[in-house]
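Q: can you look at this prediction? I've put the sequence above it.
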Amino acid sequence: CNYRCSYCTQRFMDDRTRWARDVDAFIAGFARLRALSGATWEVKLSGGEPFLHPRFIDVVTGLVDNGFLVGVVTNLSASVDKLRRFLDATGDALTVFSCSLHLEYANVDEFVAKCRLVRDGVPATARHVVTSVATHEALPKLRALRERFETERIAFRVQPEKQNSAIVDYDAVEVQELVQLGGHNGHGVVAHDFLGQPCWSGTRSLIVDDRGEVFRCYPARRARRERLCKLLD
């Protein structure tokens, strides 16, 4: 990733670069997965910053050519040319284009201009959304930002800040503001509580990391536990 946000869960990593040598093996592994399952899969590409991968467009093209749907989460720092190439490569296979607005780094005017490009380029069936982390410092600015994006006909969602996997301490006024802004990703609550509900992680969804290791969910990947297999095998 080209950003070093203060709230990033990976901010302590010294080396955030990844190699591109296994791209062809990844595509072959995903193709075999689809052939064996007979199902339609959606692959959501995230990072770090996926557009920095040296063969990112090759990854996208390989997935689409093998019948996959594709979504992406990006900080939108990529060039306009690369954004257009991505939209061309995904076409109607694009499911979601999620843009993370990091106020510690992004120029808001430039960010909005790129969002217009994405808004006008995604297929009608795809979701285009902007998200931003509600740090204590950023929270007072988010209502005006939401109004600006709504004027542009772009969905805007807030996400509570987390430290060490736990939501930071917000005071009562901040909690009220977060709820009025729609809560976590527009779901109306600041902190989700799934206790006692069935968990389908590892069956209907799974996480594949940059080295091909497969985990049942994101927290499992982060803790390097509940490993399912290696896709490249």
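A: Okay, I see it. Residues are numbered from 1 along each chain as shown.
Q: use CA for all of it now, contacts and neighbours both
A: Fine.
Q: which stretches of the protein have low pLDDT?
A: By pLDDT under 70, the low-scoring segments of the chain are 11-19.
Q: the residue nearest the centre of it pairs with what?
A: The residue lying closest to the centre of the chain (C-alpha atoms, centre = their mean) is Val73, at 2.9 Å. Taking DSSP bridges as the rule, Val73 bridges to Ser98.
Q: who's in contact with it?
A: Val73 sits next to 44-47, 49-50, 97-100 when contact means C-alpha atoms under 8 Å, 6 or more residues apart in numbering.
Q: what do you get if the cut-off is 10 Å, keeping everything else the same?
A: 44-51, 96-100, 129-131 (C-alpha atoms under 10 Å, 6 or more residues apart in numbering).
Q: cool, and Ala124?
A: 92, 94-95.
Q: filter those residues to the buried ones?
A: Among the contacts of Ala124, those buried by neighbour count (16 or more other C-alpha atoms under 10 Å) are 92, 94-95.
Q: what's the closest of those to Ala25?
A: Nearest to Ala25 among the buried ones among the contacts of Ala124, counting by C-alpha to C-alpha, is Leu94 at 22.3 Å.
Q: so what does that closest one look like in phi/psi?
A: phi -70, psi 130 (degrees, to the nearest 10).
Q: that one and Ser79: what is the separation?
A: 19 Å (C-alpha to C-alpha, to the nearest Å).
Q: repeat for Thr95
A: For Thr95, the distance to Ser79 equals 21 Å [C-alpha to C-alpha].
Q: now do the helices in this protein.
A: Ranges of helices in the chain, per DSSP state H, are 23-37, 56-65, 80-90, 108-121, 139-151, 172-180, 218-223.
Q: now find how far off-centre the shortest one is within its chain.
A: Its chain's C-alpha centre and that of helix 218-223 lie 15 Å apart, by C-alpha atoms, centre = their mean, to the nearest Å.
Q: point out the other helices and strands that it packs with.
A: Judged by 3 or more C-alpha pairs under 10 Å, 6 or more residues apart in numbering; DSSP states H and E, the packing partners of helix 218-223 are strand 207-208, strand 213-215.
Q: now those as TSV including mean neighbour count and distance to Ala144?
A: Shown next, in TSV, are the helices and strands packed on helix 218-223 (neighbours: other C-alpha atoms under 10 Å; distance: least, C-alpha to C-alpha, whole Å):
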stretch	mean neighbour count	distance to Ala144
strand 207-208	21	35
strand 213-215	21	38
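Q: can you list the ones you listed in JSON lines and add distance to Glu137?
A: Shown next, in JSON lines, are the helices and strands packed on helix 218-223 (distance: least, C-alpha to C-alpha, whole Å):
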{"stretch": "strand 207-208", "distance to Glu137": "32"}
{"stretch": "strand 213-215", "distance to Glu137": "34"}
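Q: among these, which comes closest to Val175?
A: Nearest of those (C-alpha to C-alpha): strand 207-208, 30.7 Å.
Q: how distant is that closest one from the center of its chain?
A: Taking C-alpha atoms, centre = their mean, the mean C-alpha location of strand 207-208 is offset from the chain mean by 13 Å.
Q: check which helices and strands that strand sits against.
A: Applying 3+ C-alpha pairs under 10 Å, 6+ apart, one finds that strand 207-208 contacts strand 42-45, strand 213-215, helix 218-223, strand 227-230.
Q: could you rerun that using 8 Å?
A: Where contact means 3 or more C-alpha pairs under 8 Å, 6 or more residues apart in numbering; DSSP states H and E, strand 207-208 is packed against strand 213-215.
Q: so how far is the strand it packs on from its chain's centroid?
A: 17 Å.
Q: got it, and stretch 181-190?
A: Stretch 181-190 has its C-alpha centroid displaced from the chain centroid by 17 Å (C-alpha atoms, centre = their mean).
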